[in-house]
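Undergrad: I would like to see how this sequence folds:
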Amino acid sequence: MQKKALIITYYWPPAGGPGVQRWLKFVKYLPDYGIHPIVYIPENPSYPMLDKSLIDEIPENVTIIKQPIKEPYKLATFLSKQSSKTISSGVIPKKKKQSFMQRLMLYVRGNYFIPDARKRWVKPSVSYLSDYIQNENIETVITTGPPHSLHLIGLQLKAQLGIHWIADFRDPWTTIGYHKKLRLTVSAAEKHEQMEKQVLTTADHIIVTSENTKKEFETKSNQPITVITNGYDYQELPKVSKDLKFSLAHIGSLLSERNPKVLWKVLGELINENQDFRQEFVLRLIGVVSDDVLNEIKQFIPKQNMDIVGYVNHTEALKSQRQSQLLLLIEIDSEDTKAIIPGKLFEYMVAGTPIISVGPKDSDVERIIKSTNTGRYFYYDDEAQLKEHLLSRFSDFKNSALASFPIGLQQYSRKALTKKLADLIQALP
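TA: From the prediction side, this is the model:
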């Protein structure tokens, strides 16, 4: 008889973005390890991005239950549709460039919706799930955040029913980059920290996606913490031909501070100095790009060397990863972002396309790229090294020798990662 696990998540198809992929794939493979997943999601969510193609990936044998949610972002769209969509998708403009409406929305979001804008789903969810859990004899509840308000559902269910509770943190809570941009008052910041501590010290087990987050949480909790990264699920796609151009593609959101001027500067210099490079190179941006980043890029890279695609569904993103000559991965140059491992990194690694990554020193991304031999990692001050590497890769491209030679990728397969999760669930008393 399979063990039942109730998974409480906000993001689920047709939502788009990497936050959906993690639990969609866990749910796909958990039955292979003797666990029947029951997924609890909002009935009427307000997702900033949609990808209806992911609906086809929902396993037929999964049980899905829903309850209505009151979404403040829907009300906010009446005031400013663009600002609401931008902020809810995580693209926050630089402080000096924020409009009055954006500043107001950030203040309200940070100080009146603690821990986040989905807090009003906690009380009705606890009421509904308390009966459901007892009727279905469910012993294990898993909450995944952000939104971190979902952990408060687990916290209350643990207090009421004494169930086994696992808290999964796809991102940190109070140390994630955008947290500091919420214009928090002192009392609001303290409330966030109190809630975070309560969750970290009450959950039976904590799952994080990076070693750096584990180190951070170990200073805040004595509860067991396990690292289960995101990963890849190999998908058969129609064979795609590599770009005829020397394409460097970034796939995903480019936030305002995810903006390595050193890279744009180096690319601009190569375009100006090298006629072959100027004729062959194209920077392809696939996904949401903030105006701050776009304006910075345009200062260095001519329009004819850019291809701004916009958001595409997951299948198209996978095709682009295989089609491009190089893949670009960028993280904000900050102590707070060392623990961030974008889900697309693992898809990049199995795409057969070399990676160029720019980010902070001593990050988890740097460690993974180096250990798997899937690309090169650079810091924000590595100007000479970046230029030399791009020229070397361009030479490989001209000689039809541009390739990736990865090692040790199997540990990041979704099935292998799900086994790690299943073993953890089975080990709970």
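
Undergrad: show me what contacts residue 293?
TA: 254, 255, 256, 258, 259 (Cβ atoms under 8 Å, 6 or more residues apart in numbering). Heads up, the C-betas are built off the backbone N, CA and C, glycines and all.

Undergrad: off-centre distance for stretch 270-290?
TA: Centre-to-centre, stretch 270-290 and its host chain are 26 Å apart (Cα atoms, centre = their mean, to the nearest Å).

Undergrad: actually stretch 413-429, not the one I wrote
TA: Relative to its parent chain, stretch 413-429 has a centroid offset of 21 Å by Cα atoms, centre = their mean.

Undergrad: CA atoms only: put that stretch into CSV for me.
TA: C-alpha atoms of stretch 413-429 as CSV (Å, rounded to 0.1, in the frame of the first residue of the first chain):
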residue,chain,number,x,y,z
SER,A,413,18.1,13.8,-13.0
ARG,A,414,14.5,14.4,-11.7
LYS,A,415,14.1,10.6,-11.0
ALA,A,416,17.3,10.4,-8.9
LEU,A,417,16.3,13.5,-7.0
THR,A,418,12.8,12.2,-6.4
LYS,A,419,14.3,9.0,-4.9
LYS,A,420,16.1,11.2,-2.4
LEU,A,421,12.8,12.9,-1.5
ALA,A,422,11.0,9.6,-1.3
ASP,A,423,13.6,8.1,1.0
LEU,A,424,13.3,11.1,3.3
ILE,A,425,9.4,10.7,3.4
GLN,A,426,9.7,7.0,4.1
ALA,A,427,12.2,7.5,6.9
LEU,A,428,9.8,9.8,8.8
PRO,A,429,8.6,7.9,12.0
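
Undergrad: show me what counts as buried in that stretch.
TA: Buried residues in stretch 413-429, defined by neighbour count with 16 or more other Cβ atoms under 10 Å: 413, 414, 417, 418, 421, 422, 424, 425.

Undergrad: one more: stretch 231-241?
TA: Buried residues in stretch 231-241, counted by 16+ other Cβ under 10 Å: 231, 232, 233.

Undergrad: could you do stretch 294-314 as well?
TA: Applying a neighbour-count criterion of 16+ other Cβ under 10 Å, one finds 296, 297, 300, 301, 305, 309, 311, 312, 314 buried in stretch 294-314.

Undergrad: pick out the most distant pair among those.
TA: The distance between the two most remote of the buried residues of stretch 294-314 (Cβ to Cβ) is 30.5 Å, for 300 and 314.

Undergrad: residue 391: what's it in contact with?
TA: If a contact means Cβ under 8 Å, 6+ apart, then residue 391 has 270, 274, 277 as its contacts.

Undergrad: skip the chain neighbours and tell me the closest residue to the first one.
TA: Leaving aside its chain neighbours, residue 270 sits nearest to residue 277 (4.8 Å; criterion: Cβ to Cβ, 6 or more residues apart in numbering).

Undergrad: on the C-terminal side of the one helix or strand the one you found maps to, identify the next helix or strand.
TA: In this structure, residue 277 sits in helix 275-280 according to DSSP states H and E. As assigned by DSSP H and E, the chain's next helix or strand after helix 275-280 is strand 281-286.

Undergrad: quick one: strands adjacent to that following strand?
TA: If you go by DSSP bridges, strand 281-286 pairs up with strand 246-251 (parallel), strand 306-308 (parallel).

Undergrad: in TSV, list these along with mean pLDDT.
TA: Putting these into TSV (pLDDT from 0 to 100) gives the following:
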stretch	mean pLDDT
strand 246-251	97
strand 306-308	96
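
Undergrad: adding distance to residue 157, write those strands out as a markdown table.
TA: Output for these, formatted as a markdown table (distance: least, Cβ to Cβ, whole Å):
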| stretch | distance to residue 157 |
| --- | --- |
| strand 246-251 | 37 |
| strand 306-308 | 45 |
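
Undergrad: relative to residue 128, which of these is closest?
TA: Comparing these by their distance to residue 128 (Cβ to Cβ), the top pick is strand 246-251, with 37.5 Å.

Undergrad: who's in contact with that closest one?
TA: Residues contacting strand 246-251 (Cβ under 8 Å, 6+ apart): 267, 277, 280-287, 307, 317, 320-321, 323-330, 344, 356, 394, 397.

Undergrad: going through the residues you listed, which ones are buried?
TA: Listed as buried from the contacts of strand 246-251 are 267, 277, 280-287, 317, 320-321, 323-330, 344, 356, 394, 397; burial here means 16+ other Cβ under 10 Å.

Undergrad: specify which member of the contacts of residue 293 is nearest to residue 146.
TA: Using Cβ to Cβ, those come closest to residue 146 at residue 255, 14.8 Å.

Undergrad: burial of that closest one, as a residue count?
TA: Residue 255 has 22 neighbours, counted by other Cβ atoms under 10 Å.

Undergrad: I figured it hits residue 287, correct?
TA: No - the pair residue 255 / residue 287 is not scored as a contact, 10.6 Å apart, by Cβ atoms under 8 Å.

Undergrad: low pLDDT regions in the stretch 151-300 of the chain?
TA: Residues of the stretch 151-300 of the chain that meet the criterion pLDDT under 70 lie in 177-181, 183.

Undergrad: where along it do the helices fall?
TA: With helices called from DSSP state H, counting those that start in this stretch, the stretch 151-300 of the chain shows them at 186-202, 211-218, 261-273, 275-280, 291-298.
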